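K.L.:
Predicted model and sequence follow; I will ask about them next.
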Amino acid sequence: NMEIPTGESEPTAPEAQLQQRGEESHAAGGVTVNFVLEGRGERLSRECGLGDTVGTLREFVAHSWDTPTHGITISYNGETLSSTATVEQLGAGPGQSVELQVQTTPHPKEEEAPVNLHPSTVTTGAYRMPEVFTVQATVGRETREVLVRVERPRGKKPFLGGYQHKVTGVEYHHASAQTLPKRRADTGVRRFDRDTQTVVTRNKHQQATADAATQMNKTGCFVDSRDDRVIPIGRYETADEYHQRILEKVVTLQRYWRQWLARKFVEGLRRDKLRKMAWDKEEAIRKQREREARAKREFERRMNPHTKEDFELLYHALEMWRQEELGRINASTSGPERKAALCALLEQEAQLIASIGRHRLEAGKQHTEDQKKRFLDATAAPKRWTAYDGCVTEMDSPFTLRAQQLRDTYNSLTLTTLSRDERLDVLLTLKCTVKEHDCQLTRELVELVDREADLLVRGMSEASLQGLRKRIATLFFQYCKTPLFNAEAAKHIKVPQDPSALRSNIYYCRSCCQYLPSTEFELSTNSRVVGHCRLCRDLDNEARAREDFTLYRAMLRDIRKAEEKHGDGSHIIFLVQEADLRYLVESIWGCQSVLSAGKDLYDLTLVRWERGEQWAPWNCVLLTRDEAKGHCKLERVQEAYGSQFIRKVHHRHVLARSYFSAIPGMQEAMQAKMVELPLPRPKERLVVARSRRDQGSTAAEQTQRTVDTAVEVQ
């Protein structure tokens, strides 16, 4: 083995800097600098960049030869170089070499000693082989200088032992091979190191059966026999008896094991029963609270009606009371007494209708004021948009600022708690606002404002000015709704500004003799022509039938929300109206759950019969909300219900298909996706008997008789 000194150490900052620059310059074509130590002939080579300074080279030489920096002088062609001079200023180009003379001057305080560059005299950690050095090689008869570049090891060499010099104290280590390890050819298969999968053996000592001896009485030895027992010979047991005894023990163990399993199962059933009872109790309490809250809410709606649904509830309650009183009168009286009772009933009904009318007028006034405030707030609302980070940005435009000014002025006009001076200030602000435009409306407003101001100065009472103030507020609201004075109002008014837009989708109501847009007409499932408008239908309902569609309206809204969540393009439910849903619930399904016969309409809903198909009157089933949750989880209804129950549901689907097939738009959907329903057996075929005497009865009564006939026919 070749022996080298252990002077290998980490490069210092100057050397590392020069090493990095040397590698970069070698890649870009650097300059080879040869250092010659005058007087000793020692040489040192280094590849540097064109931008390296003489000061950096001096630090490299001082580090390589272990000489102080201040004692080194570098010259070129006899001229001493300054520390700021660069290699490029010496006239060398990329790929060329430059020879510099190095002179060493010892410090006055230091002992004059020759510079010893032999590796044996270098202390541990002081010597480091340069990156590049020059070697004189003889090729044939010609001697050349060859530049040798040192390749640093990439990894740590293994320690192979060594020895220490007894005189100098330098440690020498045995060298290892300086070649890179041979790489295994890449076969494309990922390999991992693993331990050998050999069998692990273990030695274990076992205690063998030890021999035992008995001791008997003899001369010189006494053995106490008081505790000895005499074991008689038992009955001989055959193999069959032995196996029978083992079987009895096994049966005993199985009996106790099965008893434990049965107790565990019964205990689980008991816990489930207790949980079921607790859940039933909680559900009963919850439903009772819901009924109480619903009754309280309906009582509040009857006592303080505000919306259209509240007045429908009042008229429905009035009709139910009238029917009850009429039945009582017909059952208990006759002749003149019956006529007198009917007259008294009619008078009471008229008084109740008048009371309901007064409540409607009050609610209408409040609704009108609320509608005006909502309109002004909508026009004065700033522009809003959501940024990329989720923050909402608001911006006021000149139009919204104008709308805010008009809204504040209107709110000040409608206040009833202002003093006379404050009222005069509001009138003055209003007059300045409307004077910006000259038209018939503004001139009339200015005239009314001057009249109220004059009356206020004269000391008129507040009650005398009530009508005048209402006229001013009404005209100013009309001023706020005009797009010429309030540009934001054009986006919120219902009447379009273009008269040509009113000529499309306009229909004639034969009841009120008015031309109204198509949105004011409600078409039922069996309608063929446009009938009465919504206002006339509501008026006719209040005067005659007095039906309350609040429950069916809420049920229809819930069904539409559920269908929107499916996201499969279901559209038939949006063609069904409240009256159609009422006919479907009352006439087709009998106002009760088809599964449990529950009759609480507030807890019933219509869900899909086949979950994979769109909702339709012929693909729905009336169930309670709890039953509907379980039904919606079924993949195949044929596996969950019996054949008789399925035939019963299909029979209701046949009735619904027969009634709702005339709906505009449903016929196309039925023809596009026709699903053949299994028809009843011949002895259960549907028989519909109609006669002329049924023309006077209602559609619900006819359908009910049809259902009864279909069920009774064999």
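P.N.:
Happy to help now that I have it.

K.L.:
Select the longest helix from the protein.
P.N.:
Counting residues, the longest helix in the chain under DSSP state H turns out to be helix 239-303.

K.L.:
helices or strands up against that helix?
P.N.:
Helices and strands touching helix 239-303, as assessed by 3 or more CB pairs under 8 Å, 6 or more residues apart in numbering; DSSP states H and E, comprise helix 308-332. In this view, the C-beta of every residue, glycine as well, is placed from N, C-alpha and C.

K.L.:
and the angle from the helix it packs on to helix 239-303?
P.N.:
The directions of helix 308-332 and helix 239-303 differ by 90 degrees, with axes from the mean of the first three to the mean of the last three CA atoms, to 10 degrees as the criterion.

K.L.:
Please list the residues outside helix 308-332 that contact it.
P.N.:
298, 301-302, 305, 338, 341-342, 345, 349, 352-353, 356, 359-360, 363, 538, 541-542, 545-550, 553 (CB atoms under 8 Å, 6 or more residues apart in numbering).

K.L.:
And the average pLDDT for the next helix or strand after that helix is what?
P.N.:
Going down the chain from helix 308-332, the next helix or strand is helix 336-380, by DSSP states H and E. Helix 336-380 shows a mean pLDDT of 90 in the predicted model.

K.L.:
just stretch 582-592 next, same as before
P.N.:
Confidence over stretch 582-592, taken as the mean pLDDT, stands at 90.

K.L.:
Buried subset of the contacts of helix 308-332 as a PyMOL selection?
P.N.:
The buried subset of the contacts of helix 308-332, as determined by 16 or more other CB atoms under 10 Å, is captured in PyMOL by this line:
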select buried, resi 301+305+341+345+352+356+359+360+363+538+541+542+546+548+549+550+553
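
K.L.:
in the stretch 601-714 of the chain, what spans have low per-residue confidence?
P.N.:
Along the stretch 601-714 of the chain, the model assigns pLDDT under 70 to residues 662-714.

K.L.:
do the same with the stretch 201-350 of the chain
P.N.:
Within the stretch 201-350 of the chain, the stretches falling below the threshold (pLDDT under 70) are 207-214.

K.L.:
and if we set it to 90?
P.N.:
With pLDDT under 90 as the threshold, the stretch 201-350 of the chain has low-confidence stretches at 201-235, 283, 287, 290-291, 294-295, 297-317, 332-336.

K.L.:
List the buried residues for stretch 381-389?
P.N.:
Ala381.

K.L.:
so how far does it reach from one end to the other?
P.N.:
Chord length of stretch 381-389, first to last residue, is 22 Å (CA to CA, to the nearest Å).

K.L.:
Residues in contact with it: which ones?
P.N.:
Applying CB under 8 Å, 6+ apart, the contact partners of stretch 381-389 are 392-397, 400.

K.L.:
so which of those residues comes closest to Ala62?
P.N.:
Nearest to Ala62 among the contacts of stretch 381-389, counting by CB to CB, is Thr393 at 67.0 Å.

K.L.:
part of a strand, is Ala137?
P.N.:
Yes. When classified by DSSP: H, G, I helix; E, B strand; the rest coil, Ala137 is found to be part of a strand.

K.L.:
Pairing-wise in the sheet, spell out the partners of it.
P.N.:
For Ala137, the beta-bridge partners under DSSP bridges are Arg144.

K.L.:
Quick check: phi and psi on the residue of the chain most remote from its centre?
P.N.:
Among the C-alpha atoms of the chain, the one farthest from their average position, using CA atoms, centre = their mean, is that of Thr219, at 101.1 Å. For Thr219, the backbone dihedrals (degrees, to the nearest 10) come out as phi -70, psi 120.

K.L.:
any idea how far it is from Thr550?
P.N.:
Summarising the geometry, the distance separating Thr219 from Thr550, computed by CB to CB, to the nearest Å, is 120 Å.

K.L.:
Farthest pair within the contacts of stretch 381-389?
P.N.:
Taking every pair in the contacts of stretch 381-389 and measuring CB to CB, the maximum separation is 16.5 Å, between Val392 and Ser397.

K.L.:
In terms of helix, strand or coil, where does Ser570 fall?
P.N.:
Here Ser570 is recorded as coil under three-state DSSP.

K.L.:
Could you check how far it is from Arg557?
P.N.:
Using CB to CB, one gets 15 Å for the distance from Ser570 to Arg557.

K.L.:
Among the two, which residue is more densely surrounded?
P.N.:
Set side by side, Ser570 and Arg557 give different neighbour counts by other CB atoms under 10 Å, the larger being at Ser570 (20 against 11).

K.L.:
Correct me if wrong: the more buried one contacts Gln614.
P.N.:
Yes. Proximity of Ser570 to Gln614 meets the contact threshold set by CB atoms under 8 Å, at 4.2 Å.

K.L.:
and for these two, which residues touch both?
P.N.:
Taking CB under 8 Å, 6+ apart as the contact criterion, the residues that touch both Ser570 and Gln614 are Glu563.

K.L.:
Can you name the residues that contact Phe133?
P.N.:
Counting by CB under 8 Å, 6+ apart, the residues that Phe133 touches are 43-45, 147-148, 150.

K.L.:
Am I right that Phe485 falls within a strand?
P.N.:
No. Under three-state DSSP, Phe485 sits outside any strand and is assigned coil.

K.L.:
Can you give me the neighbour number for it?
P.N.:
Residues within reach of Phe485, counting by other CB under 10 Å, total 19.

K.L.:
Please confirm that Val33 is located within a strand.
P.N.:
Yes. Under three-state DSSP, Val33 sits within a strand.

K.L.:
Tell me the bridge partners for it.
P.N.:
According to DSSP bridges, beta-bridge pairing links Val33 with Arg46, Val98.

K.L.:
Wait, it touches Thr86, no?
P.N.:
No. Under the criterion of CB under 8 Å, Val33 makes no contact with Thr86, lying 11.6 Å away.

K.L.:
ok, those two, which is more surrounded?
P.N.:
More crowded of Val33 and Thr86, by other CB under 10 Å: Val33, with 25 against 16.

K.L.:
circling back: is there a quick PyMOL command that grabs whichever of the contacts of Phe133 are buried?
P.N.:
With 16+ other CB under 10 Å as the criterion, this PyMOL line picks the buried residues out of the contacts of Phe133:
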select buried, resi 43+44+45
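
K.L.:
Take the contacts of Phe133 and keep only those in strands.
P.N.:
With DSSP state E as the criterion, strands contain 43-45, 147-148 from among the contacts of Phe133.

K.L.:
Low-confidence bits of the stretch 451-600 of the chain, can you list those?
P.N.:
Across the stretch 451-600 of the chain, residues meeting the criterion (pLDDT under 90) sit at 456-466, 482-554, 562-583, 587, 590-591, 594-600.

K.L.:
can you pull out the strands in it?
P.N.:
The residue ranges that make up the strands of the stretch 451-600 of the chain, judged by DSSP state E, counting those that start in this stretch, are 506-509, 514-517.

K.L.:
Next, the buried residues of the last one.
P.N.:
Of the residues in strand 514-517, Leu516 count as buried by neighbour count, 16+ other CB under 10 Å.

K.L.:
So what are the sheet partners of it and their directions?
P.N.:
According to DSSP bridges, strand 514-517 forms sheet pairs with strand 506-509 (antiparallel).

K.L.:
ok, and what's touching the strand it pairs with?
P.N.:
The set of residues external to strand 506-509 that reach it, using CB under 8 Å, 6+ apart, is 514-518, 520-521, 530, 532-533, 536.
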